[in-house]
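Asker: Predicted model, plus sequence, below.
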Protein chains: 2
Amino acid sequence: MSDTRSVAIASARALFLTRGLEATRIEDLRDASGISTGSLYHHFGSKLGLLEAVVISALADHKRALLEKLNESLSAFEAVQSLIATTADWISANPDAARCIFRFRGALESAGSSALKDHNRNELIPLLKRLEGWIKNGEIRALPMALLLPLLHGPLHEYARAWLAGRVAAPPSAHVEVFVAAAWGALRP
Amino acid sequence: MSDTRSVAIASARALFLTRGLEATRIEDLRDASGISTGSLYHHFGSKLGLLEAVVISALADHKRALLEKLNESLSAFEAVQSLIATTADWISANPDAARCIFRFRGALESAGSSALKDHNRNELIPLLKRLEGWIKNGEIRALPMALLLPLLHGPLHEYARAWLAGRVAAPPSAHVEVFVAAAWGALRP
DNA sequence: AAGTAGTCTAGAATTATATTCTAGAACGAT
DNA sequence: ATCGTTCTAGAATATAATTCTAGACTACTT
């Protein structure tokens, strides 16, 4: 990834978050990053393309954090613990990246971003496969697949949204045990 | 509420959801609703003002559904059950309104919509007060206030987002018992 | 080393779109 | 019926995204 790209992404992330999507003009992005209009369009194609790059970069960073901790040999409970703790810690340490995900992913989905779809496929499917395995060997409760991720992540994500919006003071990492207990309570056989 | 306003809101909701926020032009809204540009601006002030009206109308409808079912005499468990069942049923019956809330509320928050802040105050504070009461009399577990709503709504909301995005087939109303069990498992003493 | 194809940068020109403006129509109160 | 107010219409304006053209840089080839 060229330097120009990462500089543009960093500037854009800051401006999109502080001023909002519609309120940041290409001109603002040019001034903040020092990259010309033409160059910006050469690299990203459009404002939406730049947004896509911003969100994908945040998702990729989160994914990296998850993979660092999650190895193949964990029990179901250990995996639940690891997923929740790692995500809570990552959000608490990278609030701006997390805000991008929660706040802008929707805009991309509705615009039909294929990069985002790819990410979902690569991210979600493998995780669901593992959960399916644990259902088969009885480590977690037999529930429709569609319910597993909401039960696992729901409370943490909901709390994270509130924290990221400034509605509560303590970061998600402060309540990991509660989120783990809730998730495991709902998922254990 | 004048007829013009509600026609505009209905058209705008449909267009915002199908084409996305940025992709629907004032011209499109004018053509779809038959209301002139000037009139649209007279009533809503700006495109964002129209979006605000769309979201607030959805929130108001959900609130009405909640208040119909929720009376003062319920036990904590009955209230949890009622909140989750009513919300799941409402989302399942009004997917477009729900999509507006999940997808556009963030855009309003970041734009500093005061109408939205008012709604949050009138909606959330009374509910939190009641939860506080149940903590005091021991009907629900003593937890930091900030955790209560995430534990209560997290799994249902997360599932609802997936259903509204078309990622799962069964509506939230199909899994009410699971969401109630998860919430009550996390909240009971 | 000079040539060359490809990539990148710059900023002006263009196009698209939100918003404002002006004039007049409809309405309600007195 | 008249006055003031609210509402509607659509053209004019302003704003901001995108495209375009020319040139600079880079890496590879001879």
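Answerer: Now that the structure is in, tell me what you want to look at.

Asker: Next, find the distance separating the closest residue to A:Ile135 other than its chain neighbours from B:Val55.
Answerer: Distances taken as CB to CB, 6 or more residues apart in numbering or on different chains place A:Ala142 nearest to A:Ile135, at 5.5 Å, with adjacent residues excluded. C-betas here are computed from N, CA, C, even on glycine. Distance, A:Ala142 to B:Val55, by CB to CB, to the nearest Å: 38 Å.

Asker: Which of these two has more residues huddled nearby?
Answerer: Counted by other CB atoms under 10 Å in any protein chain shown, A:Ala142 and B:Val55 do not tie: B:Val55 has more neighbours, with 26 against 8.

Asker: Is any residue of the helix or strand containing that one near DNA strand D?
Answerer: Using DSSP states H and E, B:Val55 sits within helix B:47-69. No. On the criterion CB under 7 Å from any atom of the strand, helix B:47-69 is out of touch with DNA strand D, staying 12.1 Å away.

Asker: Buried by neighbour count: which residues of that helix qualify?
Answerer: For helix B:47-69, the neighbour count (16 or more other CB atoms under 10 Å in any protein chain shown) marks B:47-48, B:50-59, B:62, B:65-66, B:69 as buried.

Asker: now, which of those residues lie close to DNA strand C?
Answerer: Answer for the buried residues of helix B:47-69 near DNA strand C (CB under 7 Å from any atom of the strand): B:Lys47, B:Leu48.

Asker: In contact with whatever residue of chain A ends up closest to chain B, which residues?
Answerer: Of all residues in chain A, A:Gly154 sits closest to chain B, at 3.2 Å by CB to the nearest CB. A:Gly154 makes contact with B:Pro150, B:His153, B:Gly154, B:Pro155, B:Leu156, B:His157, B:Glu158, B:Tyr159, B:Ala182, according to CB atoms under 8 Å, 6 or more residues apart in numbering or on different chains.

Asker: can you check A:Leu116 too?
Answerer: A:Glu52, A:Val55, A:Ile56, A:Leu59, A:Arg105, A:Leu108, A:Glu109.

Asker: With distance to B:Val7 and pLDDT added, can I get those in TSV?
Answerer: Shown next, in TSV, are the contacts of A:Leu116 (distance: CB to CB, whole Å; pLDDT from 0 to 100):
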residue	distance to B:Val7	pLDDT
A:Glu52	34	97
A:Val55	35	97
A:Ile56	39	96
A:Leu59	39	96
A:Arg105	31	91
A:Leu108	30	89
A:Glu109	28	84
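
Asker: Closest one to DNA strand D out of those, please.
Answerer: Of all the contacts of A:Leu116, DNA strand D sits closest to A:Glu52, with 11.7 Å by CB to the nearest atom of the strand.

Asker: Outline the domain layout of chain A.
Answerer: Domains of chain A are assigned by automatic domain parsing as A:1-45, A:57-187.

Asker: can I get those in TSV with distance to B:Arg167?
Answerer: Below are these laid out as TSV (distance: least, CB to CB, whole Å):
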stretch	distance to B:Arg167
domain A:1-45	24
domain A:57-187	8
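
Asker: Deepest-packed of these, please.
Answerer: Among the domains of chain A, domain A:57-187 has the highest mean neighbour count (mean count of other CB atoms under 10 Å in any protein chain shown), at a mean of 18.

Asker: distance of the residue nearest to A:Ile135 from DNA strand D?
Answerer: 47 Å (CB to the nearest atom of the strand, to the nearest Å).

Asker: mind checking which helix or strand the closest residue to DNA strand C within chain A is in?
Answerer: Minimum separation of chain A from DNA strand C (CB to the nearest atom of the strand) falls at A:Gly38, amounting to 2.1 Å. Assigned by DSSP H and E, A:Gly38 belongs to helix A:37-44.

Asker: Taking helix A:47-69 as reference, get the angle to that helix.
Answerer: 50 degrees (axes from the mean of the first three to the mean of the last three CA atoms, to 10 degrees).

Asker: packing partners for helix A:37-44?
Answerer: Judged by 3 or more CB pairs under 8 Å, 6 or more residues apart in numbering or on different chains; DSSP states H and E, helix A:37-44 is in contact with helix A:3-19, helix A:26-33, helix A:47-69.

Asker: Reformat those helices as CSV; add distance to B:Ala85.
Answerer: Output for the helices and strands packed on helix A:37-44, formatted as CSV (distance: least, CB to CB, whole Å):
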stretch, distance to B:Ala85
helix A:3-19, 36
helix A:26-33, 46
helix A:47-69, 33
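
Asker: Quick check: what element follows the helix or strand where A:Leu156 lies along the chain?
Answerer: Assigned by DSSP H and E, A:Leu156 falls within helix A:145-164. Proceeding N to C from helix A:145-164, the next assigned helix or strand is helix A:176-187, under DSSP H and E.

Asker: Take that next one, keep the C-alpha atoms, and write them as CSV.
Answerer: Extracted as CSV, the C-alpha positions of helix A:176-187 are listed here (Å, rounded to 0.1, in the frame of the first residue of the first chain):
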residue,chain,number,x,y,z
VAL,A,176,-15.5,-8.3,29.7
GLU,A,177,-16.6,-10.8,32.4
VAL,A,178,-20.2,-9.7,32.2
PHE,A,179,-20.3,-10.0,28.5
VAL,A,180,-18.6,-13.4,28.6
ALA,A,181,-21.0,-14.6,31.3
ALA,A,182,-24.0,-13.4,29.3
ALA,A,183,-22.8,-15.0,26.1
TRP,A,184,-21.8,-18.3,27.7
GLY,A,185,-25.0,-18.4,29.7
ALA,A,186,-26.9,-18.2,26.4
LEU,A,187,-24.7,-20.6,24.4
